[in-house]
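Next come a sequence and a model predicted from it.
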Amino acid sequence: MINLANTQTVLKFDGIDDYIDFGKNDIGGVFAQGSSCFTVSGWINPHKLTEKSTSYGTRNVFFARSSDRYSDNFEFGISETGSLDIFIDETISKGIRTFGNGELTIGQWHFFAIVFNSGQITVYLDDHEYNDSLRGSSLNKATSSVTLGATLHKQVYFTGQLANISVWNYPCTQVQIKTHHCGLIVGDEPGLVAYWKLDEGQGTTVKNKAGKSYQGNFRGNPSWDLAQIPFAAPLSSQDDIQEDVQFEIGIIAETSISTLTTDLLAATVPLVSNNEDQTIEIQYPEINSEKSEIIANLINLPSHEEASKTDQTEVLVNSQQLQTFIQAESPETMNTKSRPRYKILSIDGGGIRGIIPALLLAEIERRTQEPIFSLFDLIAGTSSGGILALGLTKPRLNSSEELPLAEYTAEDLVQLFLEYGVEIFYEPLFERLLGPLEDIFLQPKYPSTSKEEILRQYLGKTPLVNNLKEVFVTSYDIEQRIPVFFTNQLEKQQIESKNSHNLCGNVSLLDAALATSATPTYFAPHRIVSPENSAIAYTLIDGGVFANNPAHLAILEAQISSKRKAQTVLNQEDILVVSLGTGSPTSAYPYKEVKNWGLLQWGRPLLNIVFDGGSGVVSGELEQLFEPSDKEAKSFYYRFQTLLDAELEAIDNTKLQNTRQLQAIAHKLISEKSQQIDELCELLLG
């Protein structure tokens, strides 16, 4: 294969203490538990190869999510003989596979690509391809940081240079891998989650060319070098071009018919009149004549040369038929429905089950490449949903950026549940020995100290009024017997009504989070002194006792706000509602079992019934309310919810097996609702 040298800045690692740290995240779900498909490709130039290995046997590790302290799920390295070492924890077997015949020689640049597809592995090393299979089909859980240039597992470092590392959320085809090898990655391709070119040339941060997330920070002292990377020459043979064109058309068709009509149909029909029959002038784009022949054959159009025989070629086109064809191909992309004026995000309560909506939000951030706060006008939440609402809108302090930035991504808050859930729901040994009698009759199941310490670490004393977007977080005052809502809109503060109060001034994010998550029988109520009168205090519990699904209240809040500001109420068709559940319990309480229950037996089940029943009622009513009268029209109401088996229903089950199952359920929900999520992301970005 002919190579074309490309001079660019690359990153050099000394093999002693240099690496890039991307933090404890799964890079948009690619390296999350349950992930079954991904591709990693890039360029590597090893300067030294040693026999030192991790406990799995991986040597000279250059990309990993593993460490001595936390759980692992992959390591990629090079053997001392120049072959590729791959360790993937797919829950069944834990050992490395080595690919190649010593292609990765010292002092030379080499292209590599690793494709994982439900247990099948395809490896590309320069011009060679290798295949193997694993016993498992998806990744195990990992809480270690993602690192480039080393692994924190047994401190195995890479010596050499790296460039153009890309991470994709699906298994790339052989044709796509060829484009990687040719250096043709742009950064905006569908499915490209991260693209670290490592060509910054200065500073101590590496940027993701595919989006704003997943930037990396230097550890040790990696250095910048100027190097020539031998990209493969672009394909030129007739067969390769046709394969490439067919692939491109396939991708276009899968992505949207609008792209197809722009890139291909526009070549022959750039303009369609509203008249029934209209003569239309063909204006062909300037394209390679060889490719134009192939495209013409594929879509039954005249080739570029045939069309150029006369200065102008006229074709009779029935515009109505063309429009019907396009709409039949993709009703979603051709939907001409008006865009919503106001966008609401509502997040249910559910304790540790908050992992589910957090992962959904991380997926939305990954697909839109935008922070959640920038996509919505109002974010409402109850209990764990309230904590998510507050965390996603907390401003980053002392930021040098001109535009406001959120302190946390949704992925960061997933880690809050995964890493600190055990501490939040920590029950001392003495109390565990006393059992449920002590919980029900003497005191809450958990002390609030651990929860407060962790939420203080995440939210601190940041004033609620400073949040980046309007929030609406629920709680209930058990002394005054009224709902209390937390808002960051100072003009909405209202503490005199006998029906409900809105708190804002002098309230911190920490206070709001502790109040909305003070679930009865699990945690003690949280007490807040009135911002206006120190003689008045609120004794607050979880807002789930009246609004575990706060979507309906968020809609009313938006309509009240619009009436105050513009003297007009937002109509239903003006509002987009995204409502995220934390899983709906399915366990039943048969009559024969419960008919003789007393206080002891009813304690926790009754609370769960109240929470789940309230969420279900709101969800069902809103689904009917937002159902369009025109059956072909799209609804502006998106409810993402899943069913939970009995063993997953508990809001305080933080065992590793349970949190792994919750993550797997969330990823399954994302997979099943992928088209809806795409539609939603389009509306959010519109």
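That came in fine, so what should we check first?

and the gap between residue 532 and residue 560?
21 Å (CB to CB, to the nearest Å). All C-beta atoms are positioned from the backbone trio N, CA, C, and that covers glycine.

roughly how far apart are the residue nearest to residue 422 when sequence neighbours are not counted and residue 546?
Spatial nearest neighbour of residue 422, chain neighbours left out: residue 654 (4.6 Å); criterion: CB to CB, 6 or more residues apart in numbering. Residue 654 sits 26 Å away from residue 546 when distances are taken as CB to CB.

can you pull the contacts of the residue nearest to residue 422?
Taking CB atoms under 8 Å, 6 or more residues apart in numbering, we find residue 654 in contact with 352, 421-422, 424-425.

Could you give the separation of the helix or strand encompassing residue 224 from the chain centroid?
Using DSSP states H and E, residue 224 sits in strand 223-232. Distance, stretch centre to chain centre, for strand 223-232: 32 Å (CA atoms, centre = their mean, to the nearest Å).

Give me the contact list for it.
1-12, 14, 43, 45, 109, 111, 127, 161, 163-164, 178, 181-183, 200-202.

change it to 10 Å
Applying CB atoms under 10 Å, 6 or more residues apart in numbering, the contact partners of strand 223-232 are 1-14, 18, 43, 45, 108-111, 126-127, 161, 163-164, 178-184, 198-203.

Drop anything exposed from those.
3, 8, 10-14, 18, 43, 45, 109-111, 126, 161, 163-164, 178-183, 198-199 (16 or more other CB atoms under 10 Å).

Farthest pair within the contacts of residue 654?
352 and 422 (9.3 Å; CB to CB).

can you list the domains in this structure?
5-226, 340-683 (the TED database).

pLDDT averaged over the longest one - what is it?
Model confidence over domain 340-683, given as mean pLDDT, is 90.

what's the answer for stretch 208-220, then?
Stretch 208-220 comes out at a mean pLDDT of 93.

Ok, stretch 37-49 next?
For stretch 37-49, the per-residue pLDDT averages 97.

thinking again about what came up before, need the domains of the chain in a markdown table (columns: distance to residue 232).
Below are those laid out as a markdown table (distance: least, CB to CB, whole Å):
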| stretch | distance to residue 232 |
| --- | --- |
| domain 5-226 | 4 |
| domain 340-683 | 29 |
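
how about those, which one is nearest residue 234?
domain 5-226 (5.3 Å).

Span of that closest one from start to end?
The straight-line separation of the ends of domain 5-226 (CA to CA, to the nearest Å) is 12 Å.

Work out the gap between that domain and the centre of the chain.
Centre-to-centre, domain 5-226 and its host chain are 20 Å apart (CA atoms, centre = their mean).

all strands for the stretch 101-250 of the chain, in order.
Under the criterion DSSP state E, counting those that start in this stretch, the stretch 101-250 of the chain contains strands at 110-117, 120-125, 128-133, 146-148, 150-151, 156-157, 159-168, 192-196, 205-206, 216-219, 223-232.

OK, contacts around the spatially closest residue to residue 601 that is not a sequence neighbour?
Distance criterion CB to CB, 6+ apart; nearest residue to residue 601, sequence neighbours excluded, is residue 594 at 7.5 Å. Residues near residue 594 by CB under 10 Å, 6+ apart: 588, 601-602, 605.

Inside helices: which ones of those?
Mapping the contacts of residue 594 onto helices (DSSP state H) picks out 601-602, 605.

Reformat those as a markdown table; add distance to residue 168 and neighbour count.
Putting the ones in helices among the contacts of residue 594 into a markdown table (distance: CB to CB, whole Å; neighbours: other CB atoms under 10 Å) gives the following:
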| residue | distance to residue 168 | neighbour count |
| --- | --- | --- |
| 601 | 52 | 15 |
| 602 | 51 | 14 |
| 605 | 45 | 15 |
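
Enumerate every residue touching the spatially closest residue to residue 612 that is not a sequence neighbour.
Leaving aside its sequence neighbours, residue 612 sits nearest to residue 585 (CB to CB, 6+ apart; 5.4 Å). Residue 585 is in contact with 350, 353, 605, 608-609, 611-612, 643-646, 648-651, counting by CB under 10 Å, 6+ apart.

Only whichever of those residues are buried, select them in PyMOL.
The buried subset of those, as determined by 16+ other CB under 10 Å, is captured in PyMOL by this line:
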select buried, resi 350+353+608+611+612+644+648+649+650+651
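
What's the separation between residue 623 and residue 343?
Using CB to CB, we find residue 623 at a distance of 18 Å from residue 343.

For the helix or strand where residue 612 lies, what is the distance to the chain centroid?
Assessed by DSSP H and E, residue 612 sits inside helix 599-625. Centre-to-centre, helix 599-625 and its host chain are 28 Å apart (CA atoms, centre = their mean).

buried residues in that helix?
By 16+ other CB under 10 Å, the buried positions in helix 599-625 come out as 603-604, 607-608, 611-612, 614-615, 618-619, 622.
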